[in-house]
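# need a structure here:
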Amino acid sequence: MIHSRRFHSDHRLFLESIIESVPSLSKKQVNIITDQEFKFSDLFPIGSHLFCRNNLVNDLRWYVHKNCNCTAEEVNKYTTAFRQLIVIATESEFDQKWKRIKEEWDIKVCGKAVSYFEKTLIPTFKGHGSIWVLKILRKVLLTMHQNLRMLFFIACSSGSWYH
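This is a model prediction of the structure:
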C-alpha cells in the first residue's frame, strides 16, 4: 500500500479487504512488515508482525535529535552504526559488533543514545526485524510447505482424494 500519511485504520482496511478477497489467508502464516505502532495480530493470528528497518532508523534519528541534543553529524553517527548492525546475520556477531561500537563512543556524550539502543532499539530489532528472526520464519514456512506437499503426495498415492 503506497500512501503519504500513516493511519492505522487505512492499513487495517487494506488488510481486511485482502482477507475478504482471500479468506484462507487468515488461517495461514502471513508475516506483516510495518512500523511498530500498527498491530494486526488479530487479522493474522498465525503470522508474525515484523518491523520495518527504515522506520526503526527513523525512530532512532528522531529520538537522538529530540532527546540527546545531537548535531546532524552525531545523528548520522548513530544511524550509520545502527545500519551497520541491522545487516549482520547472527545474533552473536551482532552483539560483538555492538560491543565494539559502544567501546568507541564516549559514554559521557552518548549516554542517552546508548541507553536508547540498549533498552529500546536493540531489543525491538532483535525480536521483530533481525535477519536471524527472518531466517527462522523462512525455515518454519519451508517446513510447513514441505509437510503440505508430503501430505498431498500421500493422499494422492493412497487414492483417498479420488473417491
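# What ranges does this protein have for its strands?
32-34, 49-51 (DSSP state E).
# domain assignment for this structure?
According to automatic domain parsing, the chain comprises the domains 1-51, 53-128, 130-163.
# Residue 100 versus residue 88, what's the distance?
According to C-beta to C-beta, to the nearest Å, residue 88 stands 12 Å off from residue 100. Every C-beta, even on glycine, is put in place using the N, C-alpha and C of the backbone.
# And residue 101, what's its pLDDT?
Turning to residue 101, the model gives it a pLDDT of 93.
# Give me the nearest residue to it, chain neighbours excluded.
Excluding the flanking residues, the one nearest residue 101 by C-beta to C-beta, 6 or more residues apart in numbering is residue 81, at 5.0 Å.
# doesn't residue 100 make contact with that neighbour?
No: if you go by C-beta atoms under 8 Å, residue 81 and residue 100 don't touch, sitting 10.0 Å apart.
# Name the residue in those two with the higher neighbour count.
Using other C-beta atoms under 10 Å as the criterion, residue 81 and residue 100 rank with residue 81 on top: 20 against 10.
# What separation do you get for that one and residue 39?
In this view, residue 81 and residue 39 are 29 Å apart by C-beta to C-beta.
# Please apply the same query to residue 125.
To residue 39, residue 125 is 18 Å away according to C-beta to C-beta.
# Between those two, which is the more surrounded one?
residue 125 (20 against 13).
# is it true that the more buried one touches residue 83?
No: in this structure residue 125 lies outside contact range of residue 83 using C-beta under 8 Å: 11.4 Å.
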